[in-house]
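> 3D model of this:
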Amino acid sequence: MLGDFCFAHVAAISVESSSEERGTPSFMAPELLLPTKFGLEKGVPSKEADVYAFGMTIYQVLSGKRPFLPRKKARIICAVIFGERPAKPENAEELG
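Numbering: from 1, shown residues only. Below is the predicted model:
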């Protein structure tokens, strides 16, 4: 079961300028969290951001752990923006 499709029907939004929460930081691409760092005016959904979210989803499915937990939301956002990614699962070879 997949969820958190808050961007599914939204053409253009800005995570940075919105006071309303949009998305789950553990699954959001860095350019959605801080668009200006990546030379973008707004953080808008894209195929690349979808691929990132899919990768984090696969990580959770294979590892059984949500990406970046037990960190708090602010620390997750900082980690993602600065290029940190979850560690390879210990049983990665076994999982294929």
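> for this protein, what spans make up the strands?
With DSSP state E, there are no strands along the chain.
> show me where pLDDT drops low in it?
By pLDDT under 70, the weakly predicted segments of the chain are 1-21.
> For residue 49, see how far away residue 26 is.
14 Å (CB to CB, to the nearest Å). Quick note: C-beta positions are derived from backbone N, CA and C, even for glycine.
> These two: which has the busier surroundings?
Neighbours per residue (other CB atoms under 10 Å) separate residue 26 from residue 49, with residue 26 holding more: 22 against 19.
> so residue 25 sits right up against residue 80, yeah?
Yes - Residue 25 sits in contact with residue 80 when judged by CB atoms under 8 Å, with a separation of 6.5 Å.
> Name the residues contacting each of these two.
Listed contacts common to residue 25 and residue 80 are 33, 68; contacts here mean CB atoms under 8 Å, 6 or more residues apart in numbering.
> so what does the longest helix along the chain touch, helix or strand wise?
Assignment by DSSP state H gives helix 47-63 as the longest helix of the chain. Here helix 47-63 touches helix 30-33, going by 3 or more CB pairs under 8 Å, 6 or more residues apart in numbering; DSSP states H and E.
> how about the helix it packs on: buried residues?
Across helix 30-33, burial judged by 16 or more other CB atoms under 10 Å covers 30, 31, 32, 33.
> Return the alpha-carbon coordinates of that helix using PDB.
The C-alpha trace of helix 30-33 is given here as PDB (Å, rounded to 0.1, in the frame of the first residue of the first chain):
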ATOM      1  CA  PRO A  30      15.800  18.100  -1.700                       C
ATOM      2  CA  GLU A  31      14.600  20.500  -4.400                       C
ATOM      3  CA  LEU A  32      11.100  20.400  -3.000                       C
ATOM      4  CA  LEU A  33      12.300  21.200   0.500                       C
END
